[in-house]
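Engineer: starting from these lines, generate the structure:
(chains A and B)
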Amino acid sequence: MAKVQLFEIAVARSGDKGDASNVGVMAKTPELYQFLEQQLTAAVVKDFFREICHGAVTRYELPNLQSLNFILENSLGGGGTETLITDAQGKVHGLGLLHLELEVPDDLLS
Amino acid sequence: MTNNRIVRVANAQGFWGDSLLGPIRLVEEGPVDYLTFDYLAEITMSIMQKQKMRKPETGYALDFILMLQKILPACKEKGIKIIANAGGVNPKACLAASKKVFEDLGITGMKIAIVEGDDIMDRLDEITAGNENLQNMETGEDISTIRDKITSANVYIGAGPIVEALQAGADIVITGRASDPSVVVAPLVYEFGWSMEDYDKIASATVMGHIVECGPQCTGGNYAGWRQVKDFARIGYPVAEASADGSFVITKHDNTGGLVTVETVTSQILYELGDPKNYLGPDCVADFTTINISQQGENRVAFSGIRGGPPTPTYKVSVSHSKGYKILGTLCIAGPDAVEKANIIADMIFQRMEMYGYRIPEEDRFVELFGTNVLYKGMVENNDQPLELLLRIGAKGDDPKALNRLGTEIAPAVTSGPPGVTGIAAGRSRATEVIGYWPALIDKSLINTSFVVEEV
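Structural biologist: Sure thing, here's the model as predicted:
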């Protein structure tokens, strides 16, 4: 096992939907997708975004795209047109999530 | 219709304010049959509505006219058609301005169409007099709570009327608030003679539209693996090569920058995605979990197998409304102790506003210390001792005069507070109107779309 940031094993993109942001994560291999499907739960994401996301986190799976999609409610200070925060549209929530560290089995990290 | 025919659809501008280089390069650098343009975000409609109130001949995307001046000769020569939701809240005015471009360039023998019926601003009372109350989808509130503050109201219409305009011979179709994927669905329905009820094909085209709608964001732009992406300056705009069976390839023109891989395109599929099994649009419900994706060669990603079902009986409506005012000022604070000093300065500015008689309630105050890792708050360690930071200080409220006092108290902070304040060259900031966004649904039977085609 090695402790690695998601940067090593996935790519991500995020955007806004009203006052919610969505964070899509794509695993770099099918095996890593299975690993992330187990480990990267809505609860883990909610805890990681606890200072930004003030609502529920919902997860959707897209195994065909080796991807998970997270909806982070109440994360944009009121939404793109209303808030004064810099990242009003959650543009960098995806890069934020890639900072998360997970213990990944060595055989998945070739 | 021959079955092996390819129709090439390229998205040339992904938002109001996107680079003019997109369309200019797309018509020159390789083959393309249709250029689509997506100009309208929620806030855009509200801005355009205000422009139209001041000047009745405005209220559409002026960028479109500037763009047309540049590419129209090439489009005429190569037979490239254009579909754009550039009409904003005034498609007729956009049509008139477009015709002027033809006149100025001396180009004739083409047809321009406008699609109307999406703008329900003037029909709100009639619509809400019946059973329709345009409840806010997120909060459940009734629209009567904002009725006198509404600044625009538009329905996300589908591909239908655009297809009809193309069938009437239009080379350019200008719409109001057509949904983003529909401007891509329409040319494929027209070219391949698809039924609008062939939902798997409509879903394929909807996925295609979703992928290209933000231009180069699917060809390597904003990609997390950015070190693999070559030549951002000349990044290739997406070209979708569609086939009659609904399958398609996302690619870009040869000798352009960027990168088209399963990863770069999937990144864009995930952008602004909700429930992937139920991607709702006016033309169908697409199931993103049925997408079959594969690398077909260098900078070519192939799609097949996409499934979809009939659309819901409602259209989405975007209502914007006036929601008070906001102001934001910025100051650069140099360290040491930049965080401590920034907090003192922010407090000082709010205290001075109070001395003028403008007390800003705690919940309407805004302070962000940019440079302390605010973008990744809680995810990485705070940077408590940056040697420079940007103090972003602001407020919300109903009285713009009160808020403007914050703008005038920014500069004095340089000489009257802790040391190390600089970077105020931008001048006094002023209060701007806050536009609230009100998403709702409307029964399709209440909306009548139509088109007008004119020869130039």
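Engineer: for B:Tyr223, helix, strand, or coil?
Structural biologist: Using DSSP: H, G, I helix; E, B strand; the rest coil, the structure places B:Tyr223 in coil.
Engineer: and the helix ranked longest in chain A, what's buried?
Structural biologist: Counting residues, the longest helix found in chain A (DSSP state H) is helix A:30-39. Within helix A:30-39, the residues that qualify as buried by neighbour count (16 or more other Cβ atoms under 10 Å in any protein chain shown) are A:32-33, A:35-37. From N, CA and C alone the C-beta is placed, and that goes for glycine too.
Engineer: ok, now stretch B:392-406?
Structural biologist: Neighbour count says stretch B:392-406 has B:392-397, B:402-406 buried, by 16+ other Cβ under 10 Å.
Engineer: one more: stretch B:63-70?
Structural biologist: So stretch B:63-70, judged by 16+ other Cβ under 10 Å, has buried residues B:63-64, B:67-68.
Engineer: neighbouring contacts of it?
Structural biologist: B:12-13, B:16-18, B:20, B:23-24, B:37, B:39, B:82, B:84, B:86, B:94, B:97-98, B:100-101, B:104-105, B:174 (Cβ atoms under 8 Å, 6 or more residues apart in numbering or on different chains).
Engineer: which residue does chain A have closest to chain B?
Structural biologist: With Cβ to the nearest Cβ, the shortest gap between chain A and chain B falls at A:Gly24, namely 2.4 Å.
Engineer: partners of the helix or strand containing that residue, with directions?
Structural biologist: Per DSSP states H and E: A:Gly24 is located in strand A:20-27. When pairing is defined by DSSP bridges, strand A:20-27 lines up against strand A:10-17 (antiparallel), strand A:67-72 (antiparallel).
Engineer: rewinding a little: is any residue of the longest helix of chain A near chain B?
Structural biologist: No. Looking at helix A:30-39 against chain B by Cβ under 8 Å from any Cβ of the partner chain, there are no contacts, and the closest approach is 11.4 Å.
Engineer: partner strands of the longest strand seen in chain B, with direction?
Structural biologist: Secondary structure assigned by DSSP state E gives strand B:314-334 as the longest strand of chain B. Take DSSP bridges as the rule and strand B:314-334 pairs in its sheet with strand B:150-155 (antiparallel), strand B:388-397 (antiparallel), strand B:421-422 (antiparallel), strand B:432-443 (antiparallel).
Engineer: any idea how far the first one is from the chain center?
Structural biologist: The one in question is strand B:150-155. On the basis of Cα atoms, centre = their mean, to the nearest Å, strand B:150-155 sits 16 Å off its chain's mean C-alpha point.
Engineer: for the shortest one, same thing?
Structural biologist: Relative to the centre of its chain, strand B:421-422 is centred 36 Å away, using Cα atoms, centre = their mean.
Engineer: can you tell me the average pLDDT over that strand?
Structural biologist: Strand B:421-422 shows a mean pLDDT of 95.
Engineer: what lies in contact with that strand?
Structural biologist: B:331-334, B:341, B:345, B:413-414.
Engineer: give me that answer again for 10 Å
Structural biologist: B:331-334, B:338, B:341-342, B:345, B:388, B:391, B:410-415 (Cβ atoms under 10 Å, 6 or more residues apart in numbering or on different chains).
Engineer: among those residues, which ones are buried?
Structural biologist: B:331-334, B:338, B:341-342, B:345, B:391, B:410-411, B:413.
Engineer: so stretch B:161-180, near chain A or not?
Structural biologist: No. Stretch B:161-180 stays clear of chain A (Cβ under 10 Å from any Cβ of the partner chain), getting no nearer than 12.7 Å.
Engineer: coming back round to it: of the contacts of stretch B:63-70, which belong to strands?
Structural biologist: B:12-13, B:37, B:82, B:84, B:174.
Engineer: B:Ser322 contacts B:Lys149, doesn't it?
Structural biologist: Yes. Using Cβ atoms under 10 Å, B:Ser322 is in contact with B:Lys149, at 4.5 Å.
Engineer: which residues do these two both contact?
Structural biologist: Common neighbours of B:Ser322 and B:Lys149 (Cβ under 10 Å, 6+ apart) are B:435-436.
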